[in-house]
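Pasted the sequence and its predicted model underneath.
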Amino acid sequence: LHPKFPSSICEVVYQKAQYSWTSMDVKVRDKGAWERAKDIAYHTLNNYDELKSFKALYFHAAHVSPNWKKRRIAKIGNHIFYAQ
């Protein structure tokens, strides 16, 4: 919900080169993980007002090093989050 990015989860996820699995013919292997991911997305969208103070606009999995020149603000689970 930032003017710099698309306005829906699907538009964000399916942007070119955002997630490698979106360009492959991938089937969900772990239905439990898929359901948890959908629940998290639903909760996030429906509680957006309480999450506005979290200013992260970018993130990546902890196992990669994109060498971004952005300010790191949090690590949650296996992901690192950055401010603009």
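Nice, thanks for sending it over. Numbers count the residues shown, from 1 in each chain.

In this structure, what helix or strand scores lowest on average pLDDT?
helix 48-51 (a mean of 67; mean pLDDT, DSSP states H and E).

And Tyr42, how far from Lys31?
Between Tyr42 and Lys31 the distance, using CB to CB, to the nearest Å, works out to 16 Å. Bear in mind the C-beta positions are built from the backbone N, C-alpha and C, glycine included.

and the strand or helix carrying Gly32, how far from the chain's centre?
According to DSSP states H and E, Gly32 maps onto helix 31-46. Relative to its chain's centre, helix 31-46 lies at 12 Å (CA atoms, centre = their mean, to the nearest Å).

partner residues bridging the residue nearest the centre of the chain?
With the centre of the chain defined as its mean C-alpha position, the nearest residue by CA atoms, centre = their mean is Phe59, 6.5 Å away. Beta-bridge partners recorded for Phe59 (DSSP bridges): Phe81.

How many neighbouring residues does the nearest residue to Ala83 once chain neighbours are set aside have?
Leaving aside its chain neighbours, Ala83 sits nearest to Arg71 (4.6 Å; criterion: CB to CB, 6 or more residues apart in numbering). Number of residues near Arg71 (other CB atoms under 10 Å) recorded here: 12.

ok, Arg71 - contacts?
Residues in contact with Arg71 (CB atoms under 8 Å, 6 or more residues apart in numbering) are 82-84.

hmm, back to that, of Tyr42 and Lys31, who's got more company?
Tyr42 (11 against 8).

so what pLDDT did the more buried one get?
On the pLDDT scale, Tyr42 is placed at 84.

Then His60?
pLDDT, His60: 90.

What count of nearby residues applies to it?
14.

what does Ile80 give?
Neighbours of Ile80 under the rule other CB under 10 Å: 20.

Next, work out how far apart it and Val26 are.
If you go by CB to CB, the gap between Ile80 and Val26 works out to 24 Å.

Likewise for Ala17?
15 Å.
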